[in-house]
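> could you look at this predicted model? Sequence included:
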Amino acid sequence: MAIRQTDYVAPVKEGYAHFMLKEIHEQPLTVRRELEGRIQDGLVDLSALEIDELLTGINKIYMVGCGTAYHAGLVGRAAIEKLARIPVESDIASEFGYRDIPWGKDELMIVISQSGETADTLVALREAKKHGTKVLAVTNVVGSSIALEADKVIYTHAGPEISIASTKAYTSQLLIMYQLALYLARQRGTMEEEELKKIGNELNRIDTHIDTIFLQEEKIKQLAERFTHVQNAFFLGRGFDCAVAMEGALKLKETSYIHSEAYATGELKHGPIALITDGVPVITVITQDHLAEKAMVNINEIKSRGGTVFAVCKENLQMLCQNCDELILIPDIHPVVAPVAAVVPLQLFAYYVAVLRGNDVDQPRNLSKSVMIE
Ligand code: M6R
């Protein structure tokens, strides 16, 4: 159910106080839609999309988008590099044109855009095409400028997203990123079939994992109350979790107007830790089993400087994370697909903080849904 620009249907909140909350809760359904007909016996098959020609023989990918779409691309980069062993460069579209890229042969650009109309992303797309590089677009809007100008399109099936803060479009974009990574890995034989099936099957269950997270909504709301008067917040994560932390920080700042910054956890000690004083709130994402111990070393450094640490962590890692002040648990899922689940508590958290601060949640100040100027 990609949306068409001509298919205007008056949006309804269906009993939710805001579109943002409705769209967060739609995610079990929208991620499910994203998978329909694409995974057979744990293996992803995208042949029906007729993008094989674009994917064959590529040796480098440029992954480009803005804001939340850029963050989806960061997860895509990590997944494609890990599973399909193709080098991926991620960039924010507004900077892409200034890089003067030494373009090579057999490269592909993937542009991600919910609206399909973001001017910066369109400029990056045109830059690639000018140099003979093919472009694959991932967008939510049929007939949008990006869809029309790209060589091929994969439509997300998030349905209309009304809230300016993107939530369900982001998780839909993530699902496409994983499908591409798994499909490329299968085509190139870069991973054992059994491992691909394990991740594919996990992806297939992601809707039920998201449903489980909603059981903690009341707890997330209570945590949000502690942020009603906060001025600054930091988000941390390593590997896949770093991309999730970036998205969490963006959600919080755009809806609540709290100054929130995300850092790669390991980067903290190279400067930002100077900002950690008594009571400064730090939200950390810990879903990568092999990185969790390292993350806790850094968390303990924050704690010893008086910081208050809230962690979104996987159930199986909760003992390790006991030194955090509060834990929001997500199910014990495969670390590669954990970002889809880990972002949901951060979306809810941003939503409730914004509501408690009396902000216009669906229409935050100074923002618009589609940014059509450079
Ligand atoms: O329509 P697009 O996905 O191209 O929009 C990109 C960004 O403007 C957008 O994701 C923005 O960052 C959102 N407000 C984030 O919630």
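Structure's in. What do you need?
> could you use CA atoms for every contact and neighbour count after this?
Fine.
> can you list the buried residues in stretch 321-339?
By 16 or more other CA atoms under 10 Å, the buried positions in stretch 321-339 come out as 321, 323-324, 326-331, 333-339.
> straight-line length of that stretch, end to end?
With CA to CA, to the nearest Å as the measure, stretch 321-339 spans 18 Å from end to end.
> output the set of residues of the stretch 1-150 of the chain in proximity to the ligand.
Neighbours of the ligand within the stretch 1-150 of the chain, by CA under 6 Å from any ligand atom: 66-69, 113-116, 118.
> 8 Å instead, please
By the rule CA under 8 Å from any ligand atom, the part of the stretch 1-150 of the chain lying against the ligand is 65-70, 112-118, 121, 139.
> SS state for the most centrally placed residue in the chain?
Closest to where the C-alpha atoms of the chain average out (CA atoms, centre = their mean) is A72, at 3.9 Å. Following DSSP: H, G, I helix; E, B strand; the rest coil, the label given to A72 is helix.
> what helix or strand does the residue lying closest to it once chain neighbours are set aside sit in?
Using CA to CA, 6 or more residues apart in numbering and skipping the chain neighbours, the partner closest in space to A72 is L174 (5.6 Å). If you go by DSSP states H and E, L174 is part of helix 168-188.
> can you mark which positions in that helix are buried?
Under the neighbour-count criterion of 16+ other CA under 10 Å, helix 168-188 has 168-186 buried.
> care to break the protein down by domain?
Annotated domains of the chain cover 19-204, 211-356 [automatic domain parsing].
> redo those domains as JSON lines? Include mean pLDDT and distance to L367.
Shown next, in JSON lines, are the domains of the chain (pLDDT from 0 to 100; distance: least, CA to CA, whole Å):
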{"stretch": "domain 19-204", "mean pLDDT": "96", "distance to L367": "7"}
{"stretch": "domain 211-356", "mean pLDDT": "95", "distance to L367": "8"}
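> now do the same contact list for the closest residue to E81 other than its chain neighbours.
Spatial nearest neighbour of E81, chain neighbours left out: P87 (5.8 Å); criterion: CA to CA, 6+ apart. Applying CA atoms under 8 Å, 6 or more residues apart in numbering, we find P87 in contact with 59-61, 80-81.
> check L329 too.
L329 sits next to 213, 312-315, 318 when contact means CA under 8 Å, 6+ apart.
> what about these, which are in helices?
If you go by DSSP state H, the contacts of L329 have I213 in helices.
> now the contacts of L329 in a markdown table, with neighbour count?
Listed next are the contacts of L329 as a markdown table, based on neighbours: other CA atoms under 10 Å:
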| residue | neighbour count |
| --- | --- |
| I213 | 19 |
| V312 | 27 |
| C313 | 26 |
| K314 | 26 |
| E315 | 16 |
| Q318 | 18 |
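> re earlier: filter the buried residues of helix 168-188 down to the ones near the ligand?
169-170.
> ramachandran coordinates for the residue nearest to T308 when sequence neighbours are not counted?
With sequence-adjacent residues excluded and distances taken as CA to CA, 6+ apart, T308 is closest to P281, at 4.8 Å. Backbone torsions for P281, taken as degrees, to the nearest 10, come to phi -80, psi 130.
> any idea how far P281 lies from Q187?
P281 is 44 Å from Q187, by CA to CA.
> near the ligand, which residues of the stretch 201-350 of the chain show up?
So far as CA under 8 Å from any ligand atom goes, the stretch 201-350 of the chain lies against the ligand at 250-251, 254.
> secondary structure element holding K251?
Secondary structure (DSSP H and E) places K251 in helix 240-256.
> and the angle from whichever strand or helix holds G76 to helix 240-256?
Assigned by DSSP H and E, G76 falls within helix 67-79. In terms of direction (axes from the mean of the first three to the mean of the last three CA atoms, to 10 degrees), helix 67-79 departs from helix 240-256 by 170 degrees.
> sounds good, over and out.
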